[in-house]
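1. below is the sequence, then the predicted model.
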Amino acid sequence: MNAKRIAAAAILASLAITVTPALSATTATQTITVKWNTTALAQLNVHTQYTTAFAHAGNANILVGENGGSGLCNGSAATTQDASADLTVNYGNVTPDTTKFTNCLEQGAVILSVATTSTNWTLGGAATAGYPVATCSGPECFTLCAYADNGASAGKHGANPVPAANITAGTVPSSATAADVVSNTTGGACAADSGNAGALVDATGSASNLVTGAGGGSSAFTTASPAYIGEDLELSLAPNAPTGASTVTETFTLTAN
């Protein structure tokens, strides 16, 4: 009898063990999205009459190209100087020839410093002209031509717009001679130099982009190591251009996306 009770108890004990439910773990997950958009920073600084650094040097060469005539730039038939205040380019008293276009090239006229966090940027220049005499209201009166100065040898101009490979910190003009003056012999268009030319503005007030696309938007530049872009400006004055003071206002725009 006792043996039967003991056996039954053992069976109950084993059943109790096998029917006890096992404990299980349950997890739940959820995600969030963290976003931001860094906007581009852009800084543009400009000086005129630069020579060996990004700074106003106080003077710049004005080179005379008479195209066989007797025109004068800043009162001279030879290399003269522009000692204007910063942000002003002044060709001084310019005397036209009676039959030939007179070309006055200021080398190292403008230097721009670009610092931007963007790798998709452009630099453009546009201008407006104030011309005094209605009797000469077309491009036959004058054209202001822009040529990129990217440190090419012998003072020659480089490509315009300046390609990314030629935007180099410390780029400055080389030594120049009258041979560097581009021979512009007709009004309304700037002759090509190194295969490139930029017609900035004429007496009609029409303007064109000057260095749009410079850098190709391919590189960012820090304030400690900016992109330097140099320009030579050449005034092409028509024969018998009328007397009077003329002013061109040029505006540079840096757009960084």
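-> The structure has been received and is ready for your questions.
2. quick one: the strands in the stretch 101-250 of the chain?
-> 102-116, 121-130, 142-149, 198-202, 227-237, 247-256 (DSSP state E, counting those that start in this stretch).
3. okay if I get the ones you listed as JSON lines plus mean pLDDT and distance to residue 47?
-> Heads up, the C-betas are built off the backbone N, CA and C, glycines and all. Shown next, in JSON lines, are those (pLDDT from 0 to 100; distance: least, Cβ to Cβ, whole Å):
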{"stretch": "strand 102-116", "mean pLDDT": "86", "distance to residue 47": "5"}
{"stretch": "strand 121-130", "mean pLDDT": "71", "distance to residue 47": "15"}
{"stretch": "strand 142-149", "mean pLDDT": "77", "distance to residue 47": "13"}
{"stretch": "strand 198-202", "mean pLDDT": "59", "distance to residue 47": "18"}
{"stretch": "strand 227-237", "mean pLDDT": "82", "distance to residue 47": "10"}
{"stretch": "strand 247-256", "mean pLDDT": "82", "distance to residue 47": "12"}
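4. mean neighbour count for those strands - can I get that in JSON lines?
-> JSON lines is the format used below for the strands of the stretch 101-250 of the chain (neighbours: other Cβ atoms under 10 Å):
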{"stretch": "strand 102-116", "mean neighbour count": "25"}
{"stretch": "strand 121-130", "mean neighbour count": "19"}
{"stretch": "strand 142-149", "mean neighbour count": "27"}
{"stretch": "strand 198-202", "mean neighbour count": "24"}
{"stretch": "strand 227-237", "mean neighbour count": "27"}
{"stretch": "strand 247-256", "mean neighbour count": "16"}
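5. nearest to residue 26, out of those?
-> Ranking those by proximity to residue 26 (Cβ to Cβ) places strand 247-256 first, at 51.7 Å.
6. can you tell me how far the residue lying closest to residue 255 once chain neighbours are set aside is from residue 29?
-> In space, not counting the residues next to it along the chain, residue 255 is nearest to residue 122; the distance is 5.2 Å by Cβ to Cβ, 6 or more residues apart in numbering. To residue 29, residue 122 is 46 Å away according to Cβ to Cβ, to the nearest Å.
7. and residue 118, by the same measure?
-> Per Cβ to Cβ, residue 118 is found 38 Å from residue 29.
8. ok so, going back, how about JSON lines for the strands of the stretch 101-250 of the chain, with distance to residue 184 added?
-> What follows is the strands of the stretch 101-250 of the chain, written out as JSON lines (distance: least, Cβ to Cβ, whole Å):
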{"stretch": "strand 102-116", "distance to residue 184": "5"}
{"stretch": "strand 121-130", "distance to residue 184": "16"}
{"stretch": "strand 142-149", "distance to residue 184": "6"}
{"stretch": "strand 198-202", "distance to residue 184": "10"}
{"stretch": "strand 227-237", "distance to residue 184": "4"}
{"stretch": "strand 247-256", "distance to residue 184": "16"}
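9. the ones you listed: which one's closest to residue 87?
-> Set against residue 87 and scored by Cβ to Cβ, these come closest in strand 102-116, at 9.0 Å.
10. who are the packing partners of the closest one?
-> If contacts are counted by 3 or more Cβ pairs under 8 Å, 6 or more residues apart in numbering; DSSP states H and E, strand 102-116 sits against strand 42-48, strand 60-65, strand 121-130, strand 227-237, strand 247-256.
11. make a markdown table out of these and add distance to residue 112.
-> Formatted as a markdown table, those follow (distance: least, Cβ to Cβ, whole Å):
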| stretch | distance to residue 112 |
| --- | --- |
| strand 42-48 | 5 |
| strand 60-65 | 15 |
| strand 121-130 | 7 |
| strand 227-237 | 5 |
| strand 247-256 | 6 |
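12. mind checking the ones you listed for the one nearest to residue 92?
-> Counting by Cβ to Cβ, residue 92 lies closest to strand 60-65 out of the helices and strands packed on strand 102-116; the figure is 7.7 Å.
13. any chance you could list what contacts that closest one?
-> Here strand 60-65 makes contact (Cβ atoms under 8 Å, 6 or more residues apart in numbering) with 48-51, 71-74, 76-82, 91-92, 102-109, 176-178, 180-183.
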